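Asks: Need a 3D model of the following:
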Amino acid sequence: MEGNVIGFAMVCVLGMMFIGWGVYAWFSKKPKPMGFWANAEVFEVSDTKKYNRAVSKLFCVFGIVLIVLGIPLLAGQNSAWAMLLVVGVMAESIAAMAVYTLVIERKYKKKGDSN
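Replies: Residues are numbered from 1 along each chain as shown. As a prediction, this is how the structure comes out:
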């Protein structure tokens, strides 16, 4: 049982990190837009504050859903329910990338920016 709790705790820590990044983006006073993709420059943003708030919501929702997907680990790491975490995280990651690209990027990309 102890391994189950440790696994769930690790998923919770990772989820809390995403929520922390979301809170940081929400309250960011810097005029620099929050990055989404690793090691990539952010496109030129039309409204930095609203863009950061949108990315913040995306990160917070991602973290909360990640923690919820980790709950089946409490039933046991060898349980069939633990596969829900694996499949769920893949689906959640794809959904987050789609929301960022199709909604946030289209809405806040400065017009005339070809990148």
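
Asks: for stretch 65-85, what is the average pLDDT?
Replies: Averaged across stretch 65-85, pLDDT comes to 85.

Asks: Quick one: list the elements packing against the top helix by length along the chain.
Replies: When the chain is parsed with DSSP state H, its longest helix is helix 2-26. Applying 3 or more C-beta pairs under 8 Å, 6 or more residues apart in numbering; DSSP states H and E, we find helix 2-26 packed against helix 48-70. C-beta here means a position set from N, CA and C on the backbone, and glycine is covered the same way.

Asks: I'd guessed Thr48 sits against Ala25; true?
Replies: No. With contacts counted by C-beta atoms under 8 Å, Thr48 stays clear of Ala25, the gap being 10.6 Å.

Asks: coming back round to it: buried residues, the longest helix of the chain. List them.
Replies: Asn4, Gly7, Phe8, Val11, Cys12, Gly15, Phe18, Ile19, Trp21, Gly22, Ala25, Trp26 (16 or more other C-beta atoms under 10 Å).

Asks: Quick one: the residues you listed as a markdown table, columns for pLDDT and distance to Ala95 too.
Replies: Formatted as a markdown table, these follow (pLDDT from 0 to 100; distance: C-beta to C-beta, whole Å):
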| residue | pLDDT | distance to Ala95 |
| --- | --- | --- |
| Asn4 | 80 | 27 |
| Gly7 | 86 | 23 |
| Phe8 | 90 | 22 |
| Val11 | 93 | 18 |
| Cys12 | 96 | 20 |
| Gly15 | 96 | 15 |
| Phe18 | 95 | 14 |
| Ile19 | 97 | 17 |
| Trp21 | 94 | 17 |
| Gly22 | 94 | 16 |
| Ala25 | 90 | 19 |
| Trp26 | 92 | 20 |
